[in-house]
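1. Please find the sequence and the predicted model below.
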Amino acid sequence: MTATSYDLVAYPATIFSVTHPSRLAAIARLHGLDAPAVETARVLEIGGGDGVNVIAMAAAYPRAQFHNFDLSAVAIARGDALIHAAGLTNIVNRVGDITVAADTLEGPFDYIIAHGVYAWVPPPVRAALMRLVGRVLAPDGVAFISYNALPGGHLRQVIRDLMFHHLQGIDDPAARLQRAYEVLEDFARPRSDERAIVAAMREVARPMLRHHPETLFHDELSGEWHPQLFSDVIAAANAEGLAFLNDAAPVLIFDGLPGNDDNDAAVVRLAQTTDFGSLAFFHQTLLVRDGRRPARRLDPESLAPLFVSSQAVRIGADRFRIKEDEFTVGDAVLADRLAALSARWPQRLPVSAVADTPDMLEAMFRLYTAEVVGLYATPLPGVTTAGARPQASPVVRAQIAAGHRNLFSLDHNVVAMPVDGPLAFLALLDGSRDRDQLAADWAASGHGHEIDVEAALQQMAAAGFLVA
């Protein structure tokens, strides 16, 4: 098989929380639709590289079945090594071609993920991808397709043209990356007394400088780069018996819940109009089978059966911080409930236990659209209190054995471990040690003086690493 660019330059292996079936199922239920049980679902990722996105899911949901395929044999081999080391038996990871799979892969699948593929392949492959989704998506399933979007993609095309102009005659991948960063750094530097439109284009270039080199190589310098109009993507989906549900990003949730009873065509047209007004750069479009007729007006009661979590930190009576942002919650009761919810992180509580009135449910939805809380169809996989013989996720332990420091939690987040102590402690959590043996082995590790066993177990539980 011919080597791909992903064999030559490895794409950074990571997971994407927004693709998780528990999140997708929650969005379907906000639209009044049933969604397959996540715990026993069949999940397909198309072009998922080494497959770590679904490998992490497989560790969290051992009764579900996962399938990933990718054209890069090198990437698949890396994923297979992790699967073998973790002892997972509920995942298939194979080398495969989208154009072949479109007509041969056996379904159905309850959840389908195609992240970072659709706008980076030639038109025939793009058509095959949509044909595959249309053929193997289960009757009540949800598909996730992400892509660079227009009209914002036109702005990024200007920066891409700039880089390609300066990369003429440079073939070596490392040299191309070095030169691309030099061009970006020079162009992104502010100048005085320049036209507003040029200053705006420099703002478009600056985020590209923060990209991981391999990400820049494959995303911005790809030979295939085809941003899409949202409405064109939906037209392609309609041709395969699929229909628009919503965007997976909470900040775009009103694309599919505009608050009126218009038909789907009117909903799509309105969302496309919004894209033109906002110069949309990216979409994470969710699709369902045509004819399912999702509700387009939010019923607050649809939140009640879901689960909710938050990492917001209370810093005052009505002030909170999440990541780098601070915000105010004007309702004292809501502020208290948000603080109580955050104190239980990473546990997911039933929404009905946090919001018990229509007004409170609507307030919880507003917090969701602001990305202050997350909504899920399932409780947290794993445990928040260590058992008698504590056990960490098998994927986490396999990552540690392979020398990785960015670990995949059971709630599908990446947790960085820059120091050795926590890694050494997690490596001991294989389920074979009771507290006494764990304490003895922790003391013998050379890190036992850093923290006692019970406090360390609490930290590992709070990070979402424990299965028992």
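-> Received it, and whenever you're ready, just let me know what you need.
2. who does the helix or strand hosting Asp140 pair up with?
-> Per DSSP states H and E: Asp140 is located in strand 137-150. Sheet pairing here is set by DSSP bridges, and for strand 137-150 it gives strand 109-114 (parallel), strand 228-229 (parallel), strand 282-289 (antiparallel).
3. tell me the most buried of those?
-> Ranked by mean neighbour count under mean count of other C-beta atoms under 10 Å, those are led by strand 109-114, which reaches a mean of 27. C-beta coordinates here come from the backbone N, C-alpha and C atoms, glycine included.
4. Restricting to C-alpha, output that strand in CSV.
-> The C-alpha trace of strand 109-114 is given here as CSV (Å, rounded to 0.1, in the frame of the first residue of the first chain):
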residue,chain,number,x,y,z
PHE,A,109,-23.7,1.8,13.7
ASP,A,110,-25.5,3.8,16.4
TYR,A,111,-23.0,6.6,16.4
ILE,A,112,-20.7,7.6,13.5
ILE,A,113,-17.8,10.0,13.9
ALA,A,114,-15.9,11.7,11.0
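5. Give me the distance from that strand to the chain's centre.
-> 13 Å (C-alpha atoms, centre = their mean, to the nearest Å).
6. Equivalent analysis for stretch 337-357, please.
-> Average the C-alpha atoms of stretch 337-357, do the same for its chain, and the two points are 22 Å apart (C-alpha atoms, centre = their mean).
7. Alpha carbons of that stretch, in CSV - could you do that?
-> Below are the C-alpha coordinates for stretch 337-357, written out as CSV (Å, rounded to 0.1, in the frame of the first residue of the first chain):
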residue,chain,number,x,y,z
ARG,A,337,-26.6,24.9,42.8
LEU,A,338,-23.8,25.5,40.3
ALA,A,339,-21.3,25.6,43.2
ALA,A,340,-22.7,22.3,44.6
LEU,A,341,-22.5,20.7,41.2
SER,A,342,-19.0,21.8,40.6
ALA,A,343,-17.9,20.5,44.0
ARG,A,344,-18.9,17.0,42.8
TRP,A,345,-16.7,17.1,39.7
PRO,A,346,-16.2,14.8,37.7
GLN,A,347,-19.4,13.2,38.8
ARG,A,348,-22.4,13.9,36.6
LEU,A,349,-25.6,14.5,38.5
PRO,A,350,-29.1,14.1,37.1
VAL,A,351,-30.3,17.4,35.8
SER,A,352,-33.5,16.9,37.7
ALA,A,353,-31.5,16.9,40.9
VAL,A,354,-30.0,20.3,40.1
ALA,A,355,-32.9,22.0,38.2
ASP,A,356,-36.4,21.3,39.5
THR,A,357,-38.5,24.0,37.9
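8. so where's the stretch 1-150 of the chain shaky on pLDDT?
-> Residue ranges of the stretch 1-150 of the chain with pLDDT under 70: 1-13.
9. how about 90 then?
-> Of all residues in the stretch 1-150 of the chain, those with pLDDT under 90 make up the ranges 1-14.
10. Which parts of the chain belong to which domain?
-> 5-151+225-289, 156-220, 300-376, 394-462 (automatic domain parsing).
11. what's the straight distance from one end of stretch 435-455 to the other?
-> By C-alpha to C-alpha, to the nearest Å, the extent of stretch 435-455 from end to end equals 12 Å.
12. Any chance you could list what contacts it?
-> Under the contact criterion C-beta atoms under 8 Å, 6 or more residues apart in numbering, stretch 435-455 has outside partners 388, 390, 420-421, 424-425, 428-429, 433, 456, 459.
13. That one: which residues count as buried?
-> 438, 441-442, 445, 447-448, 450-451, 453 (16 or more other C-beta atoms under 10 Å).
14. same check, this time on stretch 312-321
-> Buried residues in stretch 312-321, counted by 16+ other C-beta under 10 Å: 312, 314, 320.
15. Dump these to CSV, plus pLDDT, secondary structure and distance to Asn263.
-> As requested, those are arranged in CSV below (pLDDT from 0 to 100; DSSP: H, G, I helix; E, B strand; the rest coil; distance: C-beta to C-beta, whole Å):
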residue, pLDDT, secondary structure, distance to Asn263
Ala312, 96, coil, 38
Arg314, 95, strand, 44
Phe320, 96, strand, 39
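16. In JSON lines: the residues you listed, plus distance to Ala280.
-> Below are the buried residues of stretch 312-321 laid out as JSON lines (distance: C-beta to C-beta, whole Å):
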{"residue": "Ala312", "distance to Ala280": "27"}
{"residue": "Arg314", "distance to Ala280": "34"}
{"residue": "Phe320", "distance to Ala280": "29"}
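17. Now do the buried residues in the strand or helix carrying Arg176.
-> In this structure, Arg176 is located in helix 173-188 according to DSSP H and E. The neighbour-count check on helix 173-188 (16+ other C-beta under 10 Å) flags 176-177, 180-181, 183-184, 187-188 as buried.
18. All good on my end, thank you.
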